[in-house]
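Visitor: give the three-dimensional model of this entry:
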Amino acid sequence: MTEVVDRAASAQQPSGREDAATRNSAFGTSGSGGRDSGKQGADPVVDVAALGEQLLGKWAHIRHQAREVAGHPDVQKIEGLHHTEHRARVFEQLKFLVDNNAVHRAFPTRLGGSDDHGGNIAGFEELVTADPSVQIKAGVQWGLFGSAVMHLGTREHHDKWLPGIMSLAIPGCFAMTETGHGSDVASIATTATYDEGSQEFVINTPFRAAWKDYIGNAANDGLAAVVFAQLVTKNVNHGVHAFYVELRDPTTKEFLPGIGGEDDGIKGGLNGIDNGRLHFTDVRIPRTNLLNRYGDVAVDGTYASTIESPGRRFFTMLGTLVQGRVSLDGAAVAASKVALKTAIQYATERRQFNASSPTDEEVLLDYQRHQRRLFTRLATTYAASFAHEQLLQKFDDVFSGAHDTDADRQDLETLAAALKPLSTWHALDTLQECREACGGAGFLIENRFASLRADLDVYVTFEGDNTVLLQLVAKRLLADYAKEFRSADFGVLARYVVDQAAGVALHRTGLRQVAQFVADTGSVQKAALALRDEEGQRTLLTDRVQSMVAEVGAALKGANKLPQHQAAALFNQHQHELIEAAQAHAELLQWEAFTEALAEVSDEGTKRVLTWLRDLFGLSLIEKHLSWYLMNGRLSMQRGRTVGTYINRLLVKIRPHALDLVDAFGYGPEHLRAAIATGAEASRQDEASTHFRKQRASGSAPADEKSLLALKASKSR
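Guide: Next up is the predicted model:
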């Protein structure tokens, strides 16, 4: 293992500038390069290879395979293509994925797949590094269209359509969203009405708002679609079901009778995908085209389902398609990793301002503000990465059948709905901050920040709008909170109320502030250490979630007994607090995942550095929500002031290990494809330094006016 220093910067360091010994001295390390003995004061060294494998997770071998595919020029984005050219290229790239066995892992073994649901997602999300349009178009074809047939259909449907879907002989669409209804799927207006005489379903979009919209593959390539519609038979609406509908003539590519559509045109990103609109007028399909795993219609029009409750049936059907949210969570994390690797690499080479030397400029990453903007996001990316691996394991457990109860599926839905918003928002924030951290160079398309950010923008609203997803999480939290007291007797409730009242009194009357102030007085370091403590962070983060849920739960108590309009109004009054509680819950999940991952690290040096990074994540969350902790009496003003101070100390500790931490992501030049991450900046800096050093040594350097004025002033005194 090499010495943990700024390796790229030191290897290409301009003569006369910061060397490894100087850097280690600045960060309080000896530069010994020895393995960390675990003792305080020893230099921790990150085992990059081992950490990299841990980050790859359970399906590391599949991620390696997927990264090899993503690193091939044939699947990578060519910037600047016209959207029609980009679409054509992406469709051909799907054939490359088929030829390289990159997209069939989740399908049945008997049809050429491998029944590997977790591995399928792990491989799929790595495609974001090649071109997000390739990833998402592949997701439409096999993750949505194909998965809908597989999970909502039966063996007959599988045998009939999956081989063509898998081979790309049948390019398809996932036609759920409508112009008038996106997140509210239960209220879509497209109908599928059963005709007993012909034993057919008749598909109609009764008005313009019912057109299927933003549908991938709809504008050009889709030959068929899984269409979601209200199933009506014997004049009874049985709710949303899925139907296999042929769209185009496979030879002419023209729409079949009764079907029409439009091109959505150029979008803010993902322009390699032919999103479009579809509408249906008396389109007839066979009765057997109903994907009938959860509900069927007999020849005489009788409806039957193994799930009696219409609401539960609806959520069960939609729950089988949760993999879209799971994969977006992982893809967003991957994009954040690529951005941080590029930005931190560049920051170890780029120099600006000679703050501490009359001749040598400072490396960007030595500035505290630069560390703040990148290291805090690096810590969040690690937390999101570890949390995603837990989500992926949960997903695989459910879909493999290892743990597939109703409770397991509900937990999976909640976990995906909690993590996908945080990771996708974080990706956009990270890409933007990394872009700014790289200055004008970051704005160039060749360095990919702007392009990736544009492509990932839609991640925050598709497969579930982030705000709506967090509202679903909040409802689950409230339901779990209510269950705790559903069967409790009066004595238990009374004790709970007393405890809550005592807690409120302690937190809000200033008693805790006074006690904490006394404990903290004269020892800022002691206060910082208390916040650094793992249990201290856990307590603060957990308490915030519990308190927020309890407060909203109390405010909404009895809402189910009110008239609908009053209950809706009451819920709406507290919607913001609900979503804030859900987000706090998701942040806690990420912190816990990071902490659990630490327990799996055997190398002491790596564990110390990751602990600093976990602490940075935890304290950043506390700092982000510091007003809540202060207003609710969880932290004193004295201790609150120490949060930022300790964060700054952690930045200094993490600084020597920054490159190791991003190198552990395992992305090579073929994945980064950013000119500023190639070492070119270090070469330019070296050239400039050599030029000025030779100029000074030769005595030919022009005199500096400020120096002459200073000399003149000193002589006049």
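
Visitor: send me stretch 337-355 as PDB with only the CA atoms.
Guide: Backbone C-alpha positions of stretch 337-355 (Å, rounded to 0.1, in the frame of the first residue of the first chain) are rendered in PDB as follows:
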ATOM      1  CA  LYS A 337     -19.300   8.900  -7.400                       C
ATOM      2  CA  VAL A 338     -18.200   9.800 -11.000                       C
ATOM      3  CA  ALA A 339     -18.700  13.500 -10.300                       C
ATOM      4  CA  LEU A 340     -16.800  13.400  -7.000                       C
ATOM      5  CA  LYS A 341     -13.900  11.400  -8.400                       C
ATOM      6  CA  THR A 342     -13.500  14.000 -11.200                       C
ATOM      7  CA  ALA A 343     -13.800  17.100  -9.000                       C
ATOM      8  CA  ILE A 344     -11.600  15.900  -6.200                       C
ATOM      9  CA  GLN A 345      -8.900  14.700  -8.700                       C
ATOM     10  CA  TYR A 346      -8.900  18.100 -10.300                       C
ATOM     11  CA  ALA A 347      -8.900  19.900  -7.000                       C
ATOM     12  CA  THR A 348      -5.600  18.100  -6.000                       C
ATOM     13  CA  GLU A 349      -4.000  19.500  -9.100                       C
ATOM     14  CA  ARG A 350      -5.500  22.900  -9.800                       C
ATOM     15  CA  ARG A 351      -3.900  25.900  -8.000                       C
ATOM     16  CA  GLN A 352      -5.200  29.400  -7.300                       C
ATOM     17  CA  PHE A 353      -3.900  32.300  -5.200                       C
ATOM     18  CA  ASN A 354      -0.600  32.400  -3.400                       C
ATOM     19  CA  ALA A 355      -2.100  32.800   0.100                       C
END
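
Visitor: for it, which positions count as buried?
Guide: 337-351 (16 or more other Cβ atoms under 10 Å). Where C-beta positions appear, they are placed from N, C-alpha and C, glycine not excepted.

Visitor: of those, closest to L365?
Guide: Closest approach between the buried residues of stretch 337-355 and L365, by Cβ to Cβ: A347, at 4.0 Å.

Visitor: looking at the closest one now. What's its pLDDT?
Guide: If you check A347, the pLDDT there is 94.

Visitor: what does L321 give?
Guide: According to the per-residue confidence, L321 scores 77 in pLDDT.

Visitor: my read is that it contacts H151, right?
Guide: Yes - counting by Cβ atoms under 8 Å, L321 touches H151, with 7.0 Å between them.

Visitor: helix/strand/coil for G239?
Guide: At G239, secondary structure determined by DSSP: H, G, I helix; E, B strand; the rest coil is strand.

Visitor: who's in contact with it?
Guide: A186, Q230, L231, P310, R313, F314 (Cβ atoms under 8 Å, 6 or more residues apart in numbering).

Visitor: what of R377?
Guide: Taking Cβ under 8 Å, 6+ apart as the contact definition, R377 lies against S336, L340, H426, D429, T430, E433, C434.

Visitor: repeat the analysis, applying 6 Å as the threshold.
Guide: For R377, the set of contacting residues under the criterion of Cβ atoms under 6 Å, 6 or more residues apart in numbering consists of T430.

Visitor: secondary structure element holding it?
Guide: helix 368-400 (DSSP states H and E).

Visitor: Q135: neighbour count?
Guide: Q135 is surrounded by 30 other residues when neighbours are defined as other Cβ atoms under 10 Å.

Visitor: for the host helix or strand of it, packing partners?
Guide: Following DSSP H and E, the helix or strand that holds Q135 is helix 132-138. Using 3 or more Cβ pairs under 6 Å, 6 or more residues apart in numbering; DSSP states H and E as the contact criterion, the neighbours of helix 132-138 among helices and strands are helix 83-99.

Visitor: the helix it packs on: how far from the chain's middle?
Guide: Mean C-alpha position of helix 83-99 versus that of the full chain (Cα atoms, centre = their mean, to the nearest Å) differs by 25 Å.

Visitor: next structured bit after that helix?
Guide: helix 117-125.

Visitor: and that following helix, what does it pack onto?
Guide: On the basis of 3+ Cβ pairs under 6 Å, 6+ apart, helix 117-125 makes packing contacts with helix 60-70, helix 323-347, helix 368-400.

Visitor: nearest to T179, out of those helices?
Guide: The closest of the helices and strands packed on helix 117-125 to T179 is helix 323-347. By Cβ to Cβ, the value is 20.1 Å.

Visitor: and the residue lying closest to F449 once chain neighbours are set aside, how many neighbours does it have?
Guide: By the measure of Cβ to Cβ, 6 or more residues apart in numbering, the closest residue to F449 outside its immediate chain neighbours is R435, 3.8 Å from it. R435 is flanked by 22 other residues according to other Cβ under 10 Å.

Visitor: pull out the buried residues from the host helix or strand of R435.
Guide: When elements are defined using DSSP H and E, R435 is found to belong to helix 406-437. Residues of helix 406-437 classed as buried by neighbour count (16+ other Cβ under 10 Å): 409, 411-424, 426-428, 430-431, 433-435, 437.

Visitor: what is that helix packed up against?
Guide: Packed on helix 406-437, when contacts are counted by 3+ Cβ pairs under 6 Å, 6+ apart, are helix 323-347, helix 368-400, helix 449-456, helix 466-486.

Visitor: now do the last one and helix 406-437, the angle between them.
Guide: If you take axes from the mean of the first three to the mean of the last three Cα atoms, to 10 degrees, helix 466-486 sits at 140 degrees to helix 406-437.

Visitor: and helix 466-486, C-alpha only, in CSV?
Guide: The C-alpha coordinates for helix 466-486 follow below in CSV (Å, rounded to 0.1, in the frame of the first residue of the first chain):
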residue,chain,number,x,y,z
ASN,A,466,-39.8,12.5,-4.9
THR,A,467,-42.1,14.6,-2.8
VAL,A,468,-45.0,12.1,-3.3
LEU,A,469,-42.8,9.2,-2.4
LEU,A,470,-41.8,10.8,0.8
GLN,A,471,-45.4,11.4,1.6
LEU,A,472,-46.0,7.6,1.2
VAL,A,473,-43.1,7.0,3.7
ALA,A,474,-44.7,9.5,6.1
LYS,A,475,-48.0,7.6,6.0
ARG,A,476,-46.2,4.4,6.7
LEU,A,477,-44.4,6.0,9.7
LEU,A,478,-47.7,7.3,11.0
ALA,A,479,-49.3,3.9,10.6
ASP,A,480,-46.5,2.2,12.5
TYR,A,481,-46.8,4.9,15.2
ALA,A,482,-50.5,4.3,15.5
LYS,A,483,-50.0,0.5,15.8
GLU,A,484,-48.0,0.9,18.9
PHE,A,485,-51.0,2.2,20.8
ARG,A,486,-53.9,0.5,19.0
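
Visitor: can you give me the strands in the stretch 501-650 of the chain?
Guide: Using DSSP state E, counting those that start in this stretch, the strands of the stretch 501-650 of the chain do not appear at all; there are none.

Visitor: low-confidence regions, it specifically.
Guide: Applying pLDDT under 70 to the stretch 501-650 of the chain flags the ranges 501-529.

Visitor: the helix holding R435 to helix 449-456, inter-axis angle?
Guide: 150 degrees.

Visitor: show the subsequent helix or strand relative to helix 406-437.
Guide: With elements assigned by DSSP H and E, the helix or strand that comes after helix 406-437 is helix 439-443.

Visitor: that following helix: which residues count as buried?
Guide: By neighbour count, with 16+ other Cβ under 10 Å as the criterion, the buried positions of helix 439-443 are A441, G442.

Visitor: between whatever helix or strand L162 lives in and helix 83-99, how many degrees?
Guide: L162 is part of helix 155-167, with elements assigned from DSSP H and E. Note on geometry: by the same axes, to 10 degrees, helix 155-167 and helix 83-99 are set 110 degrees apart in direction.

Visitor: how many other residues sit next to S167?
Guide: 12.
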